[in-house]
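Colleague: Give me a model of this one.
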Amino acid sequence: TDKQKQANVFKDLVKRVFTKQIGANYTFDGYNQDDANYSIFPNYYTYNTGFVSNEWPLLNRSISNYLINEKQAQRDFSRNRNGISFTEECNDLMRESSLEEIVSEAEFNKIQKSIALKSEYLFSYLGLLVGESNFKSFLYAWVNEHNHQLTHYENLRTALMSEFNLDINPIIQKVYSETSQPAFEILELQKYEVLDGDRKRYQILTKIKNSGDNDGVMEIKFDNKDNSDGDFYRGKVNEEIESEIAGQLSLIKKGETKELGFVLDEKPNNITFNTLISRNIPSKITMPIGTLSKRDGAILFEGERLAPSSKDLVYPEIIVDNEDENFSSFSPIKPTYLKAYLDSRKTTEQKYYGAWDRPYSKWLPTTGSEYYGTVIRSAHFTRSGGGEKIASWTPEIKEAGFYDIYTYMKGKNQNEYRGNDSNGKQYFYHYIINHADGEDNINYNISNAEPGWNFLGSYYFNENGGSVSLTDECDLRTVYADAIKWVKQ
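Modeller: Now for the predicted structure:
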């Protein structure tokens, strides 16, 4: 009815703008430097209950950010524009400056984002130390017991010491002032469909290593969203974000490797690793679950445990990524005078570039979950051409022999949409393999490429090395150069 429509619009206004219980359909995070936060919850919280602390003036804001459970936008397109997301920009800033320095010197939008990230990390870390549900229940109880009262921070500190035998002061000091960050490597992702009695369940196992300089908190979530209905861009009034399958937070300390197990009643389509504050790019990694292997009578594992140190591979493999020093690119096309002039006026050096606009005339790096990488998932891309622009991977071969060569790809046609008029058309990448017996030119059909490693061929390499090169020759608009793998037979 008309009344229901009016009520939906008002509800949408309150939930989406003032309480942030619904994330926007899409956003360009960080696009506006003075992007104001109209959420009333922090003001309400500070008015209703607050802590007086000269030492930690940001504590009230941090607690309100933690308690509100603010929903993020469903799709953030800042990476498509800038090459990295706004969260990763702020993580980079927090590696260079303490929070106090950021609040004093940074742009308003970076202050807001940095405080939000530090708050989420701080209280997630505290919750994992004492039990997240117990910690959150304690905070809610404290707020309810101190309605319309301003209490001193030392009272909260004492209460936490009494309840959990935890002194939060050194932890707050460390989180607010530190610049070192964790770096997560997703070593394994196993997925199974298991018959548990008379019902079907889904076992997801992952192994994660923290190779960074600080303890880290990772949030892992699943969703069963299916975008095959063509409604990807279509928003509805008062549309809630599609519910996620419950995941968990995990504390992975510096140098640790952990195995995490999840047992789900619904089949997941995607898994998302949110690294909060880290050196990871992307900081939020979304991976498709893909095909699940079937297992009968398997013992299900749910929870986490420290993983044993990994053994060396019996059959060694060599991976050269576009982030490695053994990767190189050649682009003979020089920029126009206008482009060179505009580039010379940039005040900061840009490392990554957004792939949203027209592809560039030289090889440039971009980032995304769909690319290969350990801590940084990236690839080089360029506008297709006549074969003049070349990207090359040069391995360090220590043992002569035959090697299977694989190339890492995003998927069929590198996920480039070509419209209905291209149905059935085949697309190719032009590779040049330099091996011990000479040089081979390969036109590799990418029309049915799988996400991940795709087999190029087997060749003999000796200690003198060799290389794999990719030219820009292709009928698609864009050519991507990611990673190459050599596996000894």
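Colleague: May I have the predicted confidence score for Arg16?
Modeller: If you check Arg16, the pLDDT there is 70.
Colleague: Ignore what I typed, I meant Ala436.
Modeller: In this prediction Ala436 is given a pLDDT of 93.
Colleague: How about the contacts made by it?
Modeller: By C-beta atoms under 8 Å, 6 or more residues apart in numbering, the contact list for Ala436 reads 400, 459-462, 464, 466. Backbone N, C-alpha and C define where each C-beta goes, glycine included.
Colleague: for Gln149, same thing?
Modeller: Gln149 neighbours (C-beta under 8 Å, 6+ apart): Thr49.
Colleague: Phi first, then psi, for the nearest residue to Leu456 once chain neighbours are set aside.
Modeller: The shortest distance from Leu456 to any non-neighbouring residue, by C-beta to C-beta, 6 or more residues apart in numbering, is to Ile405 (4.4 Å). Phi and psi for Ile405, reported as degrees, to the nearest 10, are phi -110, psi 130.
Colleague: What is the neighbour count of Ile405?
Modeller: By other C-beta atoms under 10 Å, 25 other residues sit near Ile405.
Colleague: So Asp404 sits against Val487, correct?
Modeller: Yes. Between Asp404 and Val487 there is a contact under C-beta atoms under 8 Å: 4.6 Å.
Colleague: Correct me if wrong, but Tyr202 is in a strand.
Modeller: Yes. Assessed with DSSP: H, G, I helix; E, B strand; the rest coil, Tyr202 lies in a strand.
Colleague: gap between it and Glu145?
Modeller: 41 Å (C-beta to C-beta, to the nearest Å).
Colleague: So which of those two has more stuff around it?
Modeller: Legend: neighbour count by other C-beta under 10 Å for Tyr202 and Glu145, higher for Tyr202 (22 against 11).
Colleague: Contact partners for the residue nearest to Thr478 when sequence neighbours are not counted?
Modeller: Spatial nearest neighbour of Thr478, chain neighbours left out: Pro359 (4.4 Å); criterion: C-beta to C-beta, 6+ apart. Pro359 makes contact with 381-384, 477-478, according to C-beta under 8 Å, 6+ apart.
Colleague: So which of the residues you listed is the closest to Asp2?
Modeller: Arg477 (46.7 Å; C-beta to C-beta).
Colleague: Where does pLDDT dip in the stretch 351-489 of the chain?
Modeller: Filtered on pLDDT under 70, the stretch 351-489 of the chain yields the residue ranges 357-358, 417-423.
Colleague: what about Tyr480, which helix or strand?
Modeller: Per DSSP states H and E: Tyr480 is located in strand 478-481.
Colleague: which residues are in contact with that strand?
Modeller: 322, 327, 329, 355, 359, 363, 379-384, 391, 409-410, 414, 416, 429, 470-473.
Colleague: Give the partner strands of it in its sheet and their orientations.
Modeller: strand 378-383 (antiparallel) (DSSP bridges).
Colleague: Spatially central residue in this protein, please.
Modeller: Nearest residue to the geometric centre of the chain (C-alpha atoms, centre = their mean): Lys284, 2.2 Å.
Colleague: okay but that residue is in contact with Glu88, surely?
Modeller: No. Lys284 is beyond contact range of Glu88, at 9.2 Å (criterion: C-beta under 8 Å).
Colleague: who's the closest residue to Pro182 other than its chain neighbours bridged to?
Modeller: Counting by C-beta to C-beta, 6+ apart, Pro182 lies nearest to Gly216, which is 2.8 Å off, once chain neighbours are set aside. Beta-bridge pairing of Gly216 under DSSP bridges involves Ile252.
Colleague: got the contact list for Gly216?
Modeller: Taking C-beta under 8 Å, 6+ apart, one finds 181-184, 210, 251-254, 275-278 in contact with Gly216.
Colleague: State the number of residues packed around the nearest residue to Phe381 once chain neighbours are set aside.
Modeller: The shortest distance from Phe381 to any non-neighbouring residue, by C-beta to C-beta, 6+ apart, is to Tyr480 (4.9 Å). Around Tyr480 there are 28 other residues, counting by other C-beta under 10 Å.
Colleague: and if you look at Val217?
Modeller: Neighbourhood size, Val217 [other C-beta under 10 Å]: 23.
Colleague: What mean pLDDT does stretch 214-234 get?
Modeller: Mean predicted lDDT for stretch 214-234 stands at 71.
Colleague: anything in contact with each of Asp404 and Val487?
Modeller: Joint contacts of Asp404 and Val487 (C-beta under 8 Å, 6+ apart) do not exist.
Colleague: Just give me the longest helix of the chain.
Modeller: The longest helix of the chain (DSSP state H) is helix 108-130.
Colleague: If you count contacts, what does that one end up packed against?
Modeller: Helices and strands touching helix 108-130, as assessed by 3 or more C-beta pairs under 8 Å, 6 or more residues apart in numbering; DSSP states H and E, comprise helix 59-68, helix 86-96, helix 99-105, helix 132-145, helix 169-177, strand 216-223, strand 245-252.
Colleague: Report the buried residues of it.
Modeller: Neighbour counts over helix 108-130 (16 or more other C-beta atoms under 10 Å) mark 109-128 as buried.
Colleague: any idea how far Thr374 lies from Glu323?
Modeller: Taking C-beta to C-beta, one finds Thr374 at 9 Å from Glu323.
Colleague: out of the two, which sits in the busier spot?
Modeller: Taking other C-beta under 10 Å, Thr374 and Glu323 do not tie; Glu323 has more neighbours (20 against 16).
Colleague: Hmm, that one is touching Gly373, no?
Modeller: Yes. At 6.5 Å, Glu323 counts as touching Gly373 under the criterion of C-beta under 8 Å.
Colleague: hey, where'd the strands end up in the stretch 301-450 of the chain?
Modeller: Per DSSP state E, counting those that start in this stretch, the stretch 301-450 of the chain carries strands over the ranges 303-306, 317-321, 327-330, 364-367, 378-383, 390-393, 401-409, 428-435, 438-445.
Colleague: now those strands in TSV, with distance to Glu101?
Modeller: Compiled in TSV, these are given as follows (distance: least, C-beta to C-beta, whole Å):
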stretch	distance to Glu101
strand 303-306	35
strand 317-321	33
strand 327-330	35
strand 364-367	26
strand 378-383	28
strand 390-393	39
strand 401-409	39
strand 428-435	46
strand 438-445	49
